[in-house]
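**Student:** quick one: sequence and predicted model below, then my questions.
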Amino acid sequence: GDSVTQMEGPVTLSEEAFLTINCTYTATGYPSLFWYVQYPGEGLQLLLKATKADDKGSNKGFEATYRKETTSFHLEKGSVQVSDSAVYFCALRGGSNYKLTFGKGTLLTVNP
Amino acid sequence: EPEVTQTPSHQVTQMGQEVILRCVPISNHLYFYWYRQILGQKVEFLVSFYNNEISEKSEIFDDRFSVERPDGSNFTLKIRSTKLEDSAMYFCASQDRATDTQYFGPGTRLTVL
């Protein structure tokens, strides 16, 4: 079945540091890929998505590229801010169904 | 901006009791979902609901679980005969037909004692 593996946390960075959170997936067919973010006390919010190979999703300075050859969708940001502190979830939607399959989530803490 | 809301934010119940978790999806959305996250584990799909019926469910969604859209606005998850292992954060999500984006509520933390 479909599965998502993402980097174990927690990740602690200083403000303006470079961020990478790794995500790899297993799926049949051609899934759509997502990054969701959960700020403290809030629900899951879509951060970015990519629906086909080589697509790059981007939002709020975050980027991720759909790499079919390595089955990866790593999240990157060049310069993190304290306000980026949150839990980040990688997810896929496979095939013809609509359900999302999530990774475990990675807690990011950014210190001033 | 429209959002998905969930009540209550925290529900504590005794093992064997019934609970109802409530969600108000975004008003023009047609697809509805429940997910759960046991502490420290992955967010797991429970059930999807479209056109007033279940379209898909996971093996977690056994016969103790049911969903309902009783009045065209609320979307509820009922768990009968709760077990300790039902303790988790439960997320509701809704999706419109035009995009493949699911919008999530803030979650209900269920604690079964």
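**Tutor:** All right, it came through fine. Residues are numbered from 1 along each chain as shown, chains lettered A, B, ... in the order given.

**Student:** need the residues of chain B near chain A, please.
**Tutor:** B:3-4, B:6, B:31, B:33, B:35, B:40-45, B:48, B:55-56, B:58, B:91, B:93, B:95, B:100-107 (C-beta under 8 Å from any C-beta of the partner chain). To be clear about C-beta, it is placed using only N, CA and C from the backbone, and glycine gets the same treatment.

**Student:** these, buried ones only, as a ChimeraX selection?
**Tutor:** Provided next is the ChimeraX selection string for whichever of these are buried by 16 or more other C-beta atoms under 10 Å in any protein chain shown:
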select /B:4,6,31,33,35,42,43,44,45,48,58,91,93,95,102,103,104,105,106,107
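
**Student:** distance of the nearest residue in space to residue B:46 that is not next to it in sequence from chain A?
**Tutor:** Leaving aside its chain neighbours, residue B:46 sits nearest to residue B:34 (4.3 Å; criterion: C-beta to C-beta, 6 or more residues apart in numbering or on different chains). Taking C-beta to the nearest C-beta, to the nearest Å as the measure, residue B:34 falls 10 Å from chain A.

**Student:** now swap in residue B:2 and tell me
**Tutor:** On the measure of C-beta to the nearest C-beta, residue B:2 and chain A end up 13 Å apart.

**Student:** what does the pLDDT read for that residue?
**Tutor:** We have a pLDDT of 79 for residue B:2.

**Student:** show me the contacts for it.
**Tutor:** B:26, B:27, B:103 (C-beta atoms under 8 Å, 6 or more residues apart in numbering or on different chains).

**Student:** wait, residue A:106 sits on residue A:87?
**Tutor:** Yes - counting by C-beta atoms under 8 Å, residue A:106 does reach residue A:87; the two are 6.8 Å apart.

**Student:** figure out the helix or strand that the most centrally placed residue in chain B lives in.
**Tutor:** Central residue of chain B (C-alpha atoms, centre = their mean): residue B:34, 3.3 Å from the mean position. Secondary structure assignment for residue B:34, by DSSP states H and E: strand B:31-37.

**Student:** give me the subset of the contacts of residue B:2 lying in strands.
**Tutor:** Among those, the residues falling in strands (DSSP state E) are residue B:103.

**Student:** return the residues of chain A in contact with chain B.
**Tutor:** Checking chain A against chain B by C-beta under 8 Å from any C-beta, the hits are A:4, A:32, A:36, A:41-46, A:49, A:51, A:89, A:91, A:93, A:97-105.
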